[in-house]
Structures are given as C-alpha cells and as structure tokens.
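1. Provided below for reference: sequence and predicted model.
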Amino acid sequence: MRSIITYLGHAAFLIKSEAGEILIDPFLSGNPNSPVKPDEVNPKFILVTHGHGDHLGDTIPIAKRSGALVIAPFELGTYIEREGVKNVHTMHIGGSFTFPFGKLIMTIAHHGSAVIKDGEIIYTGNPCGYVIKLKDRTIYHAGDTGLFMDMKLIGERNKIDVALLPIGGNYTMDIDDAVYAVKLINPDVVIPMHYNTFPVIEKDPEEFKRRVEEETNSRCIVLKPGESY
Ligand code: NI
Ligand code: MN
C-alpha cells in the first residue's frame, strides 16, 4: 500500500500509512474550511507541532474518543496528559523514536507555543516540526516556522519526498521565504499549507507553485481541503 496524504485545511493533514492513520495538527471544528468533523476521523496517531489553537485544535477530544497515541513536545504532551489523555508519547527537538509507522524525528521550528485557557496563557515549551520516515515516503511537516538555515541540514540528513510548508506569512514564512526553504530542503514535492484560513494569511498558492517550479528543482502540488496526494 502506498501512503496517501489528505489535506484537511490550514496545517492539518491525515496520512494513511500501512500502520494506520496519522493525523497532524487537527484544527477541524474551529476551521470553516475543514472537510471533516472531529468525530469523523479515527487516527491511530496524532502528531502536534505546538500548543496554539489552530494546531492543537481537536487533539484532546479526538484522542479521548479514538484512543490514538498523541505525540508532542514534552511540555505540550504533559499539558495534554493533564487534560485527561492517557496515551501520550513526548519527545524533544532533535530526538527520534521508531513508532509502528516508522522513524519520527522532532525538528526545530522558530515560533511560539502556548495554550490559551480561560483567558490565561499557558506556555507549552518549544514548537516543532516532524520528519516522518514511512516505509515508502519521507514527509517533512515544518509546523509553524520562519525560514531557518538548518532546513538545509534537514534536507541533507533526510531525503525528503514531500515537504509540507507554511506560506501564509505574518505568523510564519511567506511565499518568498517558503520558495527559499524549498531550495534548502530540496524535496521531490512541496505542498503549501497555513494560508487563506484568516485574512492576515491570505496568499495565492498558485503563485507559490509557479515560483517553486521556476526557481527550484521541486514540484509543487496545491491541495484543496479534502484533496489527497
Ligand atoms: Ni502557531
Ligand atoms: Mn498557526
């Protein structure tokens, strides 16, 4: 079976792998563009990049219902456990662990990480990205991040088949920086994310695609929410 990546809008993806479904940053009920509701997904694993509401999203109720293993940076994972999720695996930047779906590496991301609960800010440590080494594909989900030079290291140490990169600007890289990131990572395919959900991150993914294909050696696939690669 070949792995299938389905875009769920914003930074949320569902990967169907041989070892079960892997859900990343499930911001579903709060996202009007989401093609699925939180009770329509049945992941075995949920990967969370940071505590912001548009990434932690529906992780806690989905994990409680489905029993999925939640994987997150240590501080965020500890928060999720304290919210009553039993099955949590915490990691930290630069660490890797082999799960049933393959080896997972937690990477840096330049951003913040906090949960806003009852009007209070609860800091949840460092944000992250993930390199996911499935049997047939290596996928890099950058999380929310600005451009950083170590993306070159990520691409040199791991042959990235598919890179999922934010292009929306304001909170993360914009199109210009994301095109440069593609040059550093050198993936076969790049899929843009984290744009057009809110007015401040409105961007044209077709402009990103055109520039990637003119200026880099990678292909760009623009997925609408609900579409798969
Ligand atoms: Ni964020
Ligand atoms: Mn975000």
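-> Looks like it arrived, so ask away. Ligands and ions are numbered 1, 2, ... in the order given.

2. Close to ligand 2: what parts of this protein are there?
-> Residues of the chain lying close to ligand 2 by C-beta under 5 Å from the ion are 54, 144. To be clear about C-beta, it is placed using only N, CA and C from the backbone, and glycine gets the same treatment.

3. how about the residues of the chain near ligand 1?
-> Residues of the chain lying near ligand 1 (C-beta under 5 Å from the ion): 52, 144.

4. those helices in the chain, which residues are they?
-> Assigned by DSSP state H, the helices in the chain fall at 53-56, 59-66, 74-82, 151-157, 175-185, 205-215.

5. Please tabulate the ones you listed in TSV, including the columns mean neighbour count, mean pLDDT and distance to residue 111.
-> Formatted as TSV, the helices of the chain follow (neighbours: other C-beta atoms under 10 Å; pLDDT from 0 to 100; distance: least, C-beta to C-beta, whole Å):
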stretch	mean neighbour count	mean pLDDT	distance to residue 111
helix 53-56	20	98	10
helix 59-66	20	98	17
helix 74-82	19	98	12
helix 151-157	17	98	14
helix 175-185	20	98	13
helix 205-215	16	98	20
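
6. isn't residue 138 right next to residue 159, touching?
-> Yes - here residue 138 reaches residue 159: they are 6.1 Å apart, a contact under C-beta atoms under 8 Å.

7. and those two? which has more neighbours close in?
-> residue 138 (19 against 11; other C-beta atoms under 10 Å).

8. and the more buried one, how far is that from residue 229?
-> Note on residue 138: its distance to residue 229, by C-beta to C-beta, to the nearest Å, is 14 Å.

9. And for residue 155?
-> Taking C-beta to C-beta, one finds residue 155 at 19 Å from residue 229.

10. State the distance from residue 137 to residue 193.
-> If you go by C-beta to C-beta, the gap between residue 137 and residue 193 works out to 17 Å.

11. So for those two, which sits in the more crowded spot?
-> residue 193 (28 against 19).

12. Let's see the pLDDT reported for that one.
-> Note for residue 193: predicted pLDDT of 98.

13. For it, give me its contacts.
-> 7, 10-11, 13, 164-167 (C-beta atoms under 8 Å, 6 or more residues apart in numbering).

14. Tell me the one among those residues nearest to ligand 1.
-> residue 11 (8.2 Å; C-beta to the ion).

15. Name all residues that make contact with the closest one.
-> Counted by C-beta under 8 Å, 6+ apart, residue 11 has contacts 24-25, 27, 49, 54-55, 141, 143-144, 164, 166, 193-194.

16. right, and residue 181 touches residue 165 too?
-> Yes - with contact defined as C-beta under 8 Å, residue 181 counts as touching residue 165 (5.7 Å).

17. okay, and the common contacts of these two?
-> Contact criterion C-beta under 8 Å, 6+ apart; residues shared by residue 181 and residue 165: 142, 173.

18. Residue 220 reaches residue 187, doesn't it?
-> No - using C-beta under 8 Å, residue 220 is not in contact with residue 187; the gap is 9.9 Å.

19. Who has more neighbours out of the two?
-> Neighbour tally, residue 220 and residue 187, criterion other C-beta under 10 Å: the higher count belongs to residue 187, 27 against 23.

20. Brilliant, that's me finished.
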